[in-house]
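Trainee: here is a sequence with its predicted model. Questions after.
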Amino acid sequence: MSATEFHRPELVCPAGTPAAARAAVDAGADAVYCGLQNATNARNFPGLNFTEEEIAETADYVHGRGAKILLAVNTFPPAGKFDLWRGAIDLAVRRGIDAVIVADIGVAAYASSRYPALRMHLSVQAGASSPEAIRFYCEEFGVKRVVLPRMLTVSEIADIHRQIPCEIEAFVFGNIGMMAEGRCSLTNYATGVSTNMDGICSAAGDVHYDEDAAGNLTVRLGNFVLDRFGCNESAGYPTICKGRYSCSARTEPYYAFEEPVTLNLSALLPDLMRAGVTALKIEGRQRSRAYVKAVVAAFRKAVDDIGAGKEARLADLIALTEGYRETEGAFRSKTWR
Amino acid sequence: MAHSRPAIVSGARNAPPFLLDIPRRLLSIVPLVVLQPVLDRIATHVARSRPRLFARLGPHTDKRYLIDPVDLPFVLVLIPNSAQPFLKAFPRDGKVEYDAGIAGRFINLLTMIDASLDGDALFFTRDLRVVGDVEAVVALRNALDDCDGSIVDTITGAFGPLSGPAGLALSVVRRMTAGHRPV
Ligand code: SF4
């Protein structure tokens, strides 16, 4: 691919803490995305995320190095609790955030009417996967970029690109669930805590690990056993969508939804760029800064190599993957499982 | 479908075993009565120099964390209370009360708290074990990960007369593992 065939995509990187944000920018991120320490974002995990003061400090650091800071306000406010989400949007404006990432139409309406100059991205949690849906958000709320659900092939992305007036951001690395973003209620069913409204999938307080003397690991979420790993088996996240279940129709326990595996689209980067993807997103605000540093540096180099007309050589990231396995998910073909 | 675990994917996977073993060997020979004053100093020093760490822990600052370096003859109990930090070594064969526990090889635990290794990756490969209150463990992991610089350097600095050899051994291990590890 020649350097003239595409625009240099923005590398959008996760930051669960201020230290991770600095690590991401130092490793070559064009933008970092983060969240507040409450239910307004979809990684509302213990010990993670930012206070207002940390947002301000991080914005200074990021802007000082020519990068951008985005705030994920991408959960759905339950009835009577809208103030928290309104407050998050106000904070973003107060602290000079470059764009907010929203999912709920009420939050989008508030942001666009109160702060027309605030740049808005549509979160993957909105699950907007058709040109009609995306155009609605652009026309009604002035959305400038859509983060596409991970259920589309590259050719479908190219097709959508031709029909929408906004930029496209696509995930290229990290955790994937069932690709029903913003609509998954599995955790809610099992624990009463909502991924989409509380921002917590598989609340750590409901996760239990029991390892027997032989090293076999049983993973439970609330009252449900999600998996039992043999002593030599690699493990995955304790989420229902990655669980392995027994049922009468099967002789062996099986992955009913998705397997413990990590999305890695490094081989498809030139195709994604050709399809019109403006920004490449790395998942993992819940991961360490060691992960952030390694993955961002690897993708920075790959994107720059492609931009220079060279073949991208992506560093081996397999050691960071879930289940020690990678997938291209639906991006190459819908029949990946 | 079962996925078999790779032989080892820890940060120290390819470094010469005798080098990786230096810090562990040093600590193995230190009697607990000598180690304890150093642990007290580490706890006080970290509490003073890293106040944000405790803010991130939220409701978990009074939890008893068991830190189990499985290849050392002792385990540690940490209560990360900024006003009264507690870090104490117990013989491995004794009975220890705890709310939440993390177990792994000493070098993996060390490189993880030093933010050089990813805790999730260690968990996926079963090089890290988590027991008890998972929320408390996640909070501690995230709080430690936000610490700038090297928390391990802070810790080795508190070793008193052993700081020199401990720091030297660690820097050798870091150099040897850096070229080999994926993160
Ligand atoms: S259970 Fe899986 S698909 Fe559902 S929210 Fe959690 S990670 Fe996503």
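Mentor: Cool, the structure landed. Everything numeric in this text was worked out from a predicted model, so none of it was measured. Numbering: from 1, shown residues only, chains lettered A, B, ... in the order given.

Trainee: now do stretch A:165-173: everything it contacts.
Mentor: Residues outside stretch A:165-173 that contact it (C-beta atoms under 8 Å, 6 or more residues apart in numbering or on different chains): A:10, A:12, A:121-122, A:124, A:134-135, A:138, A:143-148, A:150, A:157, A:160-161, A:262-266, A:268-269, A:272, A:275-284, A:295, A:299, A:317. For glycine as for every other residue, the C-beta is placed from the backbone atoms N, C-alpha and C.

Trainee: where does the prediction get shaky in chain B?
Mentor: Within chain B, the segments meeting pLDDT under 70 span B:1-20, B:22-23, B:149-151, B:154-183.

Trainee: hang on, the earlier thing: just the ones in helices from the contacts of stretch A:165-173, please.
Mentor: Residues of the contacts of stretch A:165-173 located in helices (DSSP state H): A:134-135, A:138, A:157, A:160-161, A:269, A:272, A:295, A:299.

Trainee: how many neighbours does A:Y245 have?
Mentor: 15 (other C-beta atoms under 10 Å in any protein chain shown).

Trainee: in this structure it contacts A:F257, no?
Mentor: No - using C-beta atoms under 8 Å, A:Y245 is not in contact with A:F257, being 9.1 Å away.

Trainee: what about chain B: which of the contacts of stretch A:165-173 touch it?
Mentor: For chain B, the contacts drawn from these by C-beta under 8 Å from any C-beta of the partner chain are A:L317.

Trainee: leaving out sequence neighbours, find the closest residue to A:L70.
Mentor: Leaving out its chain neighbours, the residue that sits closest to A:L70 by C-beta to C-beta, 6 or more residues apart in numbering or on different chains is A:Y33, at 4.2 Å.

Trainee: any idea of the mean pLDDT for the one helix or strand that neighbour maps to?
Mentor: According to DSSP states H and E, A:Y33 maps onto strand A:31-34. Averaging pLDDT along strand A:31-34 yields 98.

Trainee: likewise for stretch A:131-151?
Mentor: Averaging pLDDT along stretch A:131-151 yields 97.

Trainee: wait, the residue nearest to A:L70 sits on A:I101?
Mentor: Yes - using C-beta under 8 Å, A:Y33 makes contact with A:I101 at a distance of 6.3 Å.

Trainee: common neighbours of the two, please.
Mentor: Common neighbours of A:Y33 and A:I101 (C-beta under 8 Å, 6+ apart) are A:70-72.

Trainee: apart from its chain neighbours, what residue comes closest to the residue of chain A found nearest chain B?
Mentor: Nearest to chain B in chain A, going by C-beta to the nearest C-beta, is A:G47, at a distance of 3.1 Å. Closest residue in space to A:G47, ignoring its immediate chain neighbours: B:N142 at 3.1 Å, by C-beta to C-beta, 6+ apart.

Trainee: please, which helix or strand holds the one you found?
Mentor: helix B:134-145.

Trainee: show me what that helix is packed against.
Mentor: strand A:207-211, helix B:51-57, strand B:65-69, strand B:100-104 (3 or more C-beta pairs under 8 Å, 6 or more residues apart in numbering or on different chains; DSSP states H and E).

Trainee: distance to B:L76 and mean neighbour count added to these, as CSV?
Mentor: Formatted as CSV, those follow (distance: least, C-beta to C-beta, whole Å; neighbours: other C-beta atoms under 10 Å in any protein chain shown):
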stretch, distance to B:L76, mean neighbour count
strand A:207-211, 20, 18
helix B:51-57, 16, 19
strand B:65-69, 4, 21
strand B:100-104, 10, 22
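
Trainee: chain B contacts on the stretch 101-250 of chain A?
Mentor: Going by C-beta under 8 Å from any C-beta, the residues of the stretch 101-250 of chain A near chain B are A:203-205, A:207-209, A:211, A:215, A:217, A:229-237.
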